[in-house]
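Asks: Quick one: sequence plus predicted model below, questions after.
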Number of protein chains: 2
Amino acid sequence: MFSIGEMSRRAKVKIPTIRYYEQIGLLPEAERNGGNQRRYDKTGLERLSFIRHARDLGFSIDAIGALIDLQNHPDRSCKSANDIAVAQLAGVRAKIKRLRLLEKELARISLGCDGQGVSEECYVLASLADHQLCSKDH
Amino acid sequence: MFSIGEMSRRAKVKIPTIRYYEQIGLLPEAERNGGNQRRYDKTGLERLSFIRHARDLGFSIDAIGALIDLQNHPDRSCKSANDIAVAQLAGVRAKIKRLRLLEKELARISLGCDGQGVSEECYVLASLADHQLCSKDH
DNA sequence: TGTAATTCCTCTAGCTACTAGAGGTTCAAG
DNA sequence: CTTGAACCTCTAGTAGCTAGAGGAATTACA
């Protein structure tokens, strides 16, 4: 049996976060010892690691909840698990696309200013003030 | 003079957001008409558009506050404006890098599952449960 | 000029996913 | 038996808004 501190070290999830996951129902309520402290078994650790890994991949708490639900029903079709992963992938791709546009625009803006002048003539400030100065939509 | 609704339409910023910006001091307190409603002039609109544009480019409220501060002191060096833009660019590039890794991993994971099986053997769920199955760190 | 629709006001609470701290209890080592 | 680390609950704070209640002002139209 692991204490919450053990769990934290092993799964690399902070203690308050573990309690938070329990509070919102992402983790089941932990068993307690005589002194009201949480004790976990291997299953609990695996579940926490699953959550951690999915969070690292950017899945939302809701999505992770749905995935855990599927895990608990091994006989169900895994279509929705795949759907969730595909949606996540699409979201990531959309973010990348948008960030690429921002990157371009920011690079252009900061290149236009050498940091030597005064702010009145600063190209950074001018660009932010006037969207027309942007090369593309973003 | 514009009402808050005019401002909202022109700068494409929602009305509660405008009030929020005023509340946190990003916008100065607006003048009021006889009936206590906010009235803005061209300067106010320009400032709001500046904020909107900077937010679109992902700048934090704090960074925008610093930029506005510079705008209000036209004689100051614009080095810090450029610093802020460069930091923003670096942040965007870091995010892109990380998202690219996630994209790879998610693509691999979702390709491993055709959505036809049952969740017990689902590659999506297995991958999330076991970090070892990942091709790289992320 | 009356009235009805629209816009505006303030205030409070909610969202995501945690994180930090206060004040107090339990555990483990020596 | 004592001491220090680890644990407990509870509240509040983070960013950047967004939504809704309940009421006042403005505007359009007859």
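Replies: Structure's in. What do you need? The model shown is predicted, which means the values in this text are computed figures rather than measured ones.
Asks: quick one: secondary structure of A:Asp75?
Replies: Taking DSSP: H, G, I helix; E, B strand; the rest coil as the rule, one finds A:Asp75 in the coil state.
Asks: tell me the SS of the closest residue to DNA strand C within chain A?
Replies: For chain A and DNA strand C, the shortest gap (C-beta to the nearest atom of the strand) falls at A:Gly35, measuring 2.1 Å. (Each C-beta comes from the backbone N, C-alpha and C, glycine too.) State at A:Gly35, reduced to three classes by three-state DSSP: coil.
Asks: That one: neighbour count?
Replies: For A:Gly35, the neighbour count with other C-beta atoms under 10 Å in any protein chain shown is 5.
Asks: Distance check, the nearest residue to A:Arg47 once chain neighbours are set aside against A:Ile96.
Replies: Closest residue to A:Arg47 apart from its sequence neighbours, by C-beta to C-beta, 6 or more residues apart in numbering or on different chains: A:Leu27 at 6.4 Å. Per C-beta to C-beta, to the nearest Å, A:Leu27 is found 31 Å from A:Ile96.
Asks: Between the two, which is the more surrounded one?
Replies: A:Leu27 (20 against 17).
Asks: which residues sit in contact with the more buried one?
Replies: Contact analysis of A:Leu27 by C-beta atoms under 8 Å, 6 or more residues apart in numbering or on different chains lists A:Ile18, A:Tyr21, A:Gly44, A:Arg47, A:Leu48, A:Ile51.
Asks: what about 7 Å?
Replies: A:Tyr21, A:Arg47, A:Leu48 (C-beta atoms under 7 Å, 6 or more residues apart in numbering or on different chains).
Asks: just A:Ser8 next, same as before
Replies: A:Ser8 neighbours (C-beta under 7 Å, 6+ apart): A:Lys14, A:Ile15, A:Ile18.
Asks: what are the ranges of the helices in chain A?
Replies: Using DSSP state H, the helices found in chain A span residues A:4-11, A:15-23, A:42-56, A:61-71, A:79-111, A:123-129.
Asks: and the third one, C-alpha only, in CSV?
Replies: Read it as helix A:42-56. In CSV, the C-alpha atoms belonging to helix A:42-56 read as follows (Å, rounded to 0.1, in the frame of the first residue of the first chain):
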residue,chain,number,x,y,z
LYS,A,42,-1.1,-0.9,-7.5
THR,A,43,-4.3,-0.3,-9.4
GLY,A,44,-4.6,3.2,-8.0
LEU,A,45,-1.1,3.9,-9.1
GLU,A,46,-1.8,2.7,-12.6
ARG,A,47,-4.8,4.8,-12.8
LEU,A,48,-2.9,7.9,-11.7
SER,A,49,-0.2,7.2,-14.2
PHE,A,50,-2.7,6.8,-16.9
ILE,A,51,-4.1,10.2,-16.0
ARG,A,52,-0.7,11.8,-15.9
HIS,A,53,0.2,10.5,-19.2
ALA,A,54,-3.0,11.5,-20.8
ARG,A,55,-2.7,15.0,-19.3
ASP,A,56,0.9,15.2,-20.7
